[in-house]
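Colleague: let me see the structure of the following:
(one chain, ligands or ions: 4)
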Amino acid sequence: MPSYEDLESRIIDSGECTVCGACVVACPTAHVKLIDGRPRRPKRAMDCVGCSICYEACYMLRHSLIKDIEGAVIGRGKKESVGLYMRAVLARTTDDVVADRCQDGGVVTTLLLYALESGIMDGVLVVGRDGWTPTAYVARTREEIMEAAGTKYGVVPVLSKLREAVVDHGLTKIWVVGSPCHIQSIRYLKHKGLPLATSVQVMVGLFCRENYEYNCMEELVRAQGVEMSQVDRLEVYDEFRVYADGNRMDLPVTDIKDCVPRHCLVCRDFAAELADIAAGSGGSYGGRSTVIVRSVKGEEVFAGMEQSGLISTESDGYAPEISEIAERKSEKAKQTGDIFRLAEKGLNEKEISDRLGITERRVSHRLRGARRNTS
Ligand SMILES: Cc1cc2nc3c(=O)[nH]c(=O)nc-3n(C[C@H](O)[C@H](O)[C@H](O)COP(=O)(O)OP(=O)(O)OC[C@H]3O[C@@H](n4cnc5c(N)ncnc54)[C@H](O)[C@@H]3O)c2cc1C
Ligand code: SF4
Ligand code: SF4
Ligand code: SF4
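Modeller: Ligands and ions are numbered 1, 2, ... in the order given. Just a heads-up that it's a prediction; the model follows:
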């Protein structure tokens with residue numbers, strides 16, 4: 001039977017762990033904890049009952065199963081680079097307070113408020129912030145949902161809050177908002193029949209090209225003479241934008257690339273392909289969001305919100321730009337995965353570059369990212 005040690009060596013110490021929080025919440029004796037930003041079992045064998053539930057909870061060990069889950073939950077049609085979906089629109093909130101606090105079109109926050117106030121959801125796992133450090137929590141009120149509006153960069157174990165939602169708060173109609181990795185993980189837990197996951201009913205995914213280690217990003221900002229406490233907003237588009245004390249400072253996007261964790265370098269999911277509804281700024285303009293509605297459940301709730309007038313929608317279909325971003329992410333991740341595999345086999349940078357037909361500089365850059373994140 002696989003053990004915690006197997007999970008540690010195969011996923012956590014290899015740098016593949018996305019810190020989704022699933023193994024933390026799944027351990028029945030609460031022995032897997034987050035230590036220095038990674039899951040760890042601090043107490044040794046004496047306290048661990050050897051049930052292997054933590055190992056079984058890790059979706060990173062079961063890539064092929066994710067495809068089957070997609071077939072069962074979303075559908076089996078012809079797949080595009082953004083995944084399977086029912087419809088795609090541009091949308092934005094009609095609520096001025098949300099518009100003021102949200103990241104893009106405010107679709108995510110508006111959807112959560114609609115779900116809470118119409119009684120189809122009794123709580124949601126979201127990401128707020130302590131300063132700018134991203135922090136996962138369970139939101140059960142309008143105020144708590146509003147607190148989570150806006151994007152925070154940094155790795156966050158969103159699913160680690162599931163036990164609190166189910167056990168401490170007794171919630172039965174739970175939603176989860178998260179990056180594509182969080183959504184893959186919670187889909188997997190539900191598929192495996194983890195009792196805590198049965199209360200999760202709707203999953204809202206965010207588009208994601210990559211994430212950044214919070215401490216690394218903080219150092220970058222500080223090097224410009226700005227403290228995170230002065231920062232009002234962060235954005236990563238063609239440049240890394242830092243809004244502080246009423247000014248906007250644009251840093252080259254290449255600077256923040258050094259903060260991308262290893263697991264993001266090999267992640268292929270841009271558009272949260274297993275979410276009921278996915279949203280992002282890509283392909284939208286003028287404070288709108290691109291929204292991709294995937295499942296029957298997703299369509300039911302999104303149409304309900306649309307009819308209530310809480311959002312305005314336009315256009316049918318998504319901009320080609322979204323497909324390009326999704327394809328680029330997937331191809332780059334595949335190539336990076338190949339580089340890592342060849343390096344593990346002992347090939348040097350020159351040999352890898354010859355084998356894959358890419359420049360040595362690129363090989364070197366990707367390997368540097370991997371070393372930084374596993375050291
Ligand atoms: C790490 C990261 C990278 C992203 N990269 C892209 C990208 O490359 N292209 C693109 O089009 N969009 C990207 N997005 C999505 C984008 O930033 C917005 O979240 C999305 O457009 C929804 O906007 P909104 O106004 O509807 O959300 P809002 O109404 O502002 O709601 C934001 C929601 O996001 C959740 N959230 C915030 N930070 C995190 C986090 N770190 N992890 C999980 N959940 C979080 C909150 O719980 C909140 O409910 C990224 C988001 C994140 C978190
Ligand atoms: S008790 Fe079970 S789930 Fe917890 S660490 Fe040990 S093997 Fe993993
Ligand atoms: S379940 Fe999530 S947090 Fe735990 S090892 Fe796997 S990827 Fe990491
Ligand atoms: S790039 Fe992938 S692994 Fe990294 S935060 Fe985004 S979805 Fe998660």
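
Colleague: and the strand or helix carrying residue 116, what's buried?
Modeller: Per DSSP states H and E, residue 116 falls inside helix 107-117. Under the neighbour-count criterion of 16 or more other Cβ atoms under 10 Å, helix 107-117 has 107, 108, 109, 110, 111, 112, 113, 114, 115, 116 buried. Any C-beta I mention is one placed from the backbone N, CA and C, and that applies to glycine too.

Colleague: next, the angle from whichever helix or strand comes after that helix to helix 107-117.
Modeller: As assigned by DSSP H and E, the chain's next helix or strand after helix 107-117 is strand 123-130. Strand 123-130 runs at 130 degrees relative to helix 107-117, counting by axes from the mean of the first three to the mean of the last three Cα atoms, to 10 degrees.

Colleague: average model confidence for strand 123-130?
Modeller: The pLDDT scores in strand 123-130 average 97.

Colleague: wait, does the following helix or strand past that strand make contact with ligand 4?
Modeller: Remark: after strand 123-130, the chain's next helix or strand is strand 133-139, criterion DSSP H and E. No. Using Cβ under 6 Å from any ligand atom, we find that strand 133-139 stays clear of ligand 4, coming within 11.0 Å at best.

Colleague: what's strand 133-139 in contact with?
Modeller: Strand 133-139 is contacted by residues 21, 112, 123-129, 144-145, 147-148, 152-158, 160-161, 164-165, 169, 171, 214 when judged by Cβ atoms under 8 Å, 6 or more residues apart in numbering.

Colleague: restricted to helices, list the residues you listed.
Modeller: Judged by DSSP state H, the subset of those located in helices is 112, 144, 145, 147, 214.

Colleague: just checking, the first one touches residue 144?
Modeller: No. Using Cβ atoms under 8 Å, residue 112 and residue 144 do not qualify as a contacting pair, with a distance of 9.6 Å.

Colleague: mind listing the shared neighbours of the two?
Modeller: In contact with both residue 112 and residue 144: residue 126, using Cβ under 8 Å, 6+ apart.

Colleague: and the angle for the helix holding residue 116 with strand 133-139?
Modeller: With the same axes, to 10 degrees applied, the angle from helix 107-117 to strand 133-139 works out at 20 degrees.

Colleague: quick one on the thing from earlier: show me which of the contacts of strand 133-139 neighbour ligand 3.
Modeller: Checking those against ligand 3 by Cβ under 6 Å from any ligand atom, the ones in range are residue 21.

Colleague: just the buried residues from the contacts of strand 133-139, in PyMOL please.
Modeller: Here is the PyMOL command that picks out the buried ones among the contacts of strand 133-139, judged by 16+ other Cβ under 10 Å:
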select buried, resi 21+112+123+124+125+126+127+128+129+144+145+147+148+152+153+154+155+156+157+158+160+161+164+165+171+214
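
Colleague: hang on, the earlier thing: for the ones in helices among the contacts of strand 133-139, which one is nearest residue 205?
Modeller: Checking the ones in helices among the contacts of strand 133-139 against residue 205 by Cβ to Cβ gives residue 112 as the nearest, at 13.4 Å.

Colleague: once you drop chain neighbours, what's closest to the closest one?
Modeller: residue 145 (4.7 Å; Cβ to Cβ, 6 or more residues apart in numbering).

Colleague: equivalent analysis for residue 329, please.
Modeller: Nearest residue to residue 329, sequence neighbours excluded (Cβ to Cβ, 6+ apart): residue 270, at 4.5 Å.

Colleague: hmm, residue 207 and the one you found touching each other?
Modeller: Yes. Between residue 270 and residue 207 there is a contact under Cβ under 8 Å: 5.9 Å.

Colleague: joint contacts of the two?
Modeller: Each of 180, 325 lies in contact with both residue 270 and residue 207 under the rule Cβ under 8 Å, 6+ apart.

Colleague: which SS class is residue 243?
Modeller: Following DSSP: H, G, I helix; E, B strand; the rest coil, residue 243 is assigned to strand.

Colleague: still on that earlier bit, dump the buried residues of helix 107-117 into CSV; add pLDDT as well.
Modeller: Below are those laid out as CSV (pLDDT from 0 to 100):
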residue, pLDDT
107, 98
108, 98
109, 98
110, 98
111, 98
112, 98
113, 98
114, 98
115, 98
116, 98
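
Colleague: pick the one among the residues you listed closest to ligand 3.
Modeller: residue 108 (22.1 Å; Cβ to the nearest ligand atom).

Colleague: quick one: contacts for that closest one?
Modeller: 102, 149, 177, 204, 206, 279, 289.

Colleague: between the residues you listed, which sits nearest ligand 4?
Modeller: Among the contacts of residue 108, residue 206 lies closest to ligand 4 (Cβ to the nearest ligand atom), at 8.3 Å.

Colleague: what about the nearest residue in space to residue 138 that is not next to it in sequence, distance to residue 187?
Modeller: What sits nearest to residue 138 in space, not counting adjacent residues and going by Cβ to Cβ, 6+ apart, is residue 165, at 4.6 Å. To residue 187, residue 165 is 17 Å away according to Cβ to Cβ, to the nearest Å.
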